[in-house]
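Colleague: please work out how this folds:
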Amino acid sequence: VQLVESGGGLVESGGSLRLSCVASGFTFNSNAMSWIRRPPGKGLEWVSSIDGPGSMKTYVDGVKGRFTVSRDNAKNTVYLDMTSLKPGDTATYYCAPGGQLEVEATMESLISYWGQGTQVTVSS
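Modeller: Modelled structure (predicted):
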């Protein structure tokens, strides 16, 4: 499994970013995908998941209405569109194969296999 995240950066509060994650090494379109994040000095937090076809999407309460997850199975890529960013969204963001329950159960032990992540910093 190889996951390459990109798209992070420094943005002012209220700004937007689009994160991308290119996946390889597994059958992408058969797998749900998730985004998780690690705020500075804190533990991992599940953010969002999308099923294989891209029809079912779930979000943690704190990002509902602001973040949108999507995927392009032809490009083996999952996206996270983030709008109305807040300083509390500052974190390293990772993508992971699997839905919410699976990822939450394994993220602490498997995080080192899920790419380097991409840093999002939101200034106030």
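Colleague: which residues touch the closest residue in space to Thr83 that isn't next to it in sequence?
Modeller: Using C-beta to C-beta, 6 or more residues apart in numbering and skipping residues adjacent in sequence, the residue nearest Thr83 is Ser16, 4.6 Å away. (Each C-beta comes from the backbone N, C-alpha and C, glycine too.) Going by C-beta atoms under 8 Å, 6 or more residues apart in numbering, Ser16 touches Asp81, Met82, Thr83, Ser84, Leu85.
Colleague: can we see that at 10 Å?
Modeller: The contact partners of Ser16, by C-beta atoms under 10 Å, 6 or more residues apart in numbering, come to Arg66, Asp81, Met82, Thr83, Ser84, Leu85.
Colleague: if I look at the fifth one, how far off is Arg66?
Modeller: The one in question is Ser84. Separation of Ser84 from Arg66 (C-beta to C-beta, to the nearest Å): 5 Å.
Colleague: again with Thr106
Modeller: Distance from Thr106 to Arg66, by C-beta to C-beta: 26 Å.
Colleague: got it, and Gly88?
Modeller: Gly88 is 11 Å from Arg66, by C-beta to C-beta.
Colleague: which one's more surrounded, the two?
Modeller: Neighbour totals were compared for Gly88 and Arg66, and Arg66 leads with 15 against 12 (other C-beta atoms under 10 Å).
Colleague: list the contacts for that one?
Modeller: Ser16, Tyr59, Asp81, Met82, Thr83, Ser84, Leu85, Lys86, Asp89.
Colleague: please report how far the fourth one lies from Asn29.
Modeller: Pointing back at Met82 there. 24 Å.
Colleague: list the contacts for the residue nearest the centre of the chain?
Modeller: The centroid of the chain falls nearest to Trp35 when counting by C-alpha atoms, centre = their mean (2.4 Å). Residues near Trp35 by C-beta under 10 Å, 6+ apart: 5, 19, 21, 45-50, 59-60, 63, 67, 69, 78-80, 82, 93-96, 103.
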